[in-house]
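**Student:** Mind folding the following:
(chains A and B)
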Amino acid sequence: MSGVSVTKAAEDAVPAANDLVVLSNVNKHFGALHVLQDIDLTIARGEVVVVIGPSGSGKSTLCRTINRLETIDSGAISIDGKPLPQEGKELARLRADVGMVFQSFNLFAHKTVLENVMLGQLKVRKADKTAAEEKARSLLDRVGVATQADKYPSQLSGGQQQRVAIARALAMDPKVMLFDEPTSALDPEMINEVLEVMQQLARDGMTMVVVTHEMGFARSAANRVVFMADGKIVEEAAPDQFFSNPRSDRAKDFLSKILHH
Amino acid sequence: MFDFLEGYDLLGAFWVTVQLAVYSALGSLIWGTLLAGMKVSPVPLMRGFATAYVNVIRNIPLTVIIVFSSLGLFQTLNIQLGASDFTDINFRLAVLALVVYTSAFVCEALRSGINTVPVGQAEAARALGLSFTQVLRLIILPQAFRSVVNPLANVLIALTKNTTVAAAIGVAEAAYLMKGMIEKEAQLILISAVFAFGFICLTLPTGLILGWVSKKVAVKR
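**Tutor:** Numbering: from 1, shown residues only, chains lettered A, B, ... in the order given. Take a look at the predicted model:
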């Protein structure tokens, strides 16, 4: 008897424990613009969620609220069961567990590639210097820029810089990675080298939230596509279903504009 | 032609000028950096203090600040800054006044440097989990300093020349000696020329060297 009740309790706990990022009823305004409207979104551990939508639909803002680079006006966001704290030490600790990759790379311009990847380990994780360097070098090797370790970011191509940025985020052993239009600032020929690294990450089971215009990546790597327009989540579906048979008119309209040329 | 220089410790006087400039430069660099940090801090009280400080101090003539440090701090409140004889007390008061004054300009120069650092640099640093002071110390200020070497060189040159105001409270630096020589000697133009040359010897290399440093450390984006 008691065995049954324990099993049941454990079963109940599984879905909750498996939810890594939970946004509930999130609202945000930029002045008069209601940029996020009643957003509810749950991302499970190991899930790859791709957020797509037209420009100005709020998808980048949504991504940035998850580690509180943008504050929200109402609603709640929690990561791994912990609600996002106010600005301060606790928020910093939480951000360390959330990797972020930006559209404009944002590598530290005055530090070498290697130093960029070591900085968080040394200053936030308080790692030992040799261990940090070893890890940084192996991550740079993993994203294919090991030979550039001692250069400065400005000496690298955009694609290389973005891969370094991914390595920098990975060095923190994040629970979830946020990608805010990671390929939008890249020359077409460099997009694939970044997407390949992201594909590999997805295959390795990293939890990812990816804001992108790369439909090919959404099709191949996503577990779920979230379509946003005008600050709302209009549609959520598996990629196959979304691209072949979108339910909402807004999504049909969007897809007809981007897929037919 | 330069016989009139005999009996005067010209090098000694300029040495005091150099000491005033170096101590004040270090002090105002430290205090000015702290002020700049306060000016960009998320705490309203700190921002308010730094803004008020800069606006009040940079609008008061240095002479008034230096004379106040002697008449107000020392002679009225008997603050001696840990020194016992008049030479030391006056020297330290002069350094204090120069630091108080110059740091306002260091703060403003640095703040304009902070504005040149793209906001994405701070966002990336925050996203890694660095605290506000770490972001400032490790990411923002190092880049800000590199972009304001030239403006800081201007401040340093102005500071070096401003040390002459310390003569007003009896610090025996170059301008103090010059005043004494002008009273006793006849070669007025030559005396002025000698001291002008002495200051150029101090400030011209400062400007040239820091101009070179500025190019050397510039952050490429």
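**Student:** wait, what's in contact with the residue lying closest to B:Glu123 once chain neighbours are set aside?
**Tutor:** Nearest non-adjacent residue to B:Glu123, counting by Cβ to Cβ, 6 or more residues apart in numbering or on different chains: A:Leu69, 5.6 Å away. For every residue, glycine as well, the C-beta is placed using N, CA and C. With contact taken as Cβ atoms under 8 Å, 6 or more residues apart in numbering or on different chains, A:Leu69 is in contact with A:Met100, B:Glu123, B:Arg126, B:Ala127.
**Student:** any chance you could map the strands in chain A?
**Tutor:** Applying DSSP state E to chain A gives strands spanning A:19-30, A:33-44, A:48-52, A:74-79, A:82-83, A:98-101, A:176-180, A:207-211, A:224-229, A:232-237.
**Student:** Quick check: residues of chain A near chain B?
**Tutor:** Residues of chain A lying close to chain B (Cβ under 8 Å from any Cβ of the partner chain) are A:67, A:69, A:87, A:89, A:92-100, A:102, A:104, A:106-110, A:119-120, A:123-124, A:152, A:154-155, A:165, A:168-169, A:172.
**Student:** Among those, name the buried ones.
**Tutor:** Applying 16 or more other Cβ atoms under 10 Å in any protein chain shown to the residues of chain A next to chain B, the neighbour count classes A:67, A:69, A:92, A:94-100, A:102, A:104, A:106-110, A:119-120, A:123-124, A:152, A:165, A:168-169, A:172 as buried.
**Student:** need the helix or strand of chain A with the lowest average pLDDT.
**Tutor:** One helix or strand of chain A scores below all others by mean pLDDT, DSSP states H and E: helix A:2-18, with a mean of 47.
**Student:** What's the nearest residue in chain B when you look at chain A?
**Tutor:** Closest to chain A within chain B is B:Gly129: 2.8 Å, counting by Cβ to the nearest Cβ.
**Student:** What residue, apart from its backbone neighbours, is nearest that residue spatially?
**Tutor:** Closest residue in space to B:Gly129, ignoring its immediate chain neighbours: A:Ala96 at 2.8 Å, by Cβ to Cβ, 6+ apart.
**Student:** could you list every residue that touches the one you found?
**Tutor:** If a contact means Cβ under 8 Å, 6+ apart, then A:Ala96 has A:Gly120, A:Val124, A:Arg125, A:Met172, A:Pro174, B:Leu128, B:Gly129 as its contacts.
**Student:** In space, what's closest to B:Gln214 - neighbours in sequence excluded?
**Tutor:** That one is not Gln; residue B:214 is Ser. Here the residue nearest B:Ser214, using Cβ to Cβ, 6+ apart, is B:Val149, at 3.7 Å.
**Student:** Now do the contacts for that neighbour.
**Tutor:** B:Leu210, B:Gly211, B:Val213, B:Ser214, B:Val217.
**Student:** Helix or strand next in line after the worst-scoring helix or strand of chain B on mean pLDDT, which one?
**Tutor:** Ranking every helix and strand in chain B by mean pLDDT, DSSP H and E puts helix B:174-184 at the bottom, with a mean of 91. Using DSSP states H and E, the next helix or strand after helix B:174-184 towards the C-terminus is helix B:188-217.
**Student:** if we can go back for a sec, surely the residue of chain B closest to chain A and A:Glu90 touch.
**Tutor:** No. In this structure, B:Gly129 is not within contact of A:Glu90 by Cβ atoms under 8 Å, at 10.6 Å.
**Student:** ok so, going back, for the residue nearest to B:Glu123, what are phi and psi?
**Tutor:** Main-chain dihedrals, A:Leu69, degrees, to the nearest 10: phi -70, psi -30.
**Student:** Find me the pLDDT at it, would you?
**Tutor:** pLDDT recorded at A:Leu69 is 93.
**Student:** now swap in A:Lys82 and tell me
**Tutor:** A:Lys82 carries a pLDDT value of 89.
**Student:** ok, it - how many residues close by?
**Tutor:** When neighbours are counted by other Cβ atoms under 10 Å in any protein chain shown, A:Lys82 registers 12.
**Student:** I'd like to know how far the residue lying closest to B:Leu188 once chain neighbours are set aside sits from B:Val67.
**Tutor:** Nearest non-adjacent residue to B:Leu188, counting by Cβ to Cβ, 6+ apart: B:Ile182, 6.1 Å away. Distance of B:Ile182 to B:Val67, given as Cβ to Cβ, to the nearest Å: 21 Å.
**Student:** And B:Leu204, by the same measure?
**Tutor:** Going from B:Leu204 to B:Val67 by Cβ to Cβ gives 30 Å.
**Student:** more neighbours, these two?
**Tutor:** Neighbour totals were compared for B:Leu204 and B:Val67, and B:Val67 leads with 15 against 11 (other Cβ under 10 Å).
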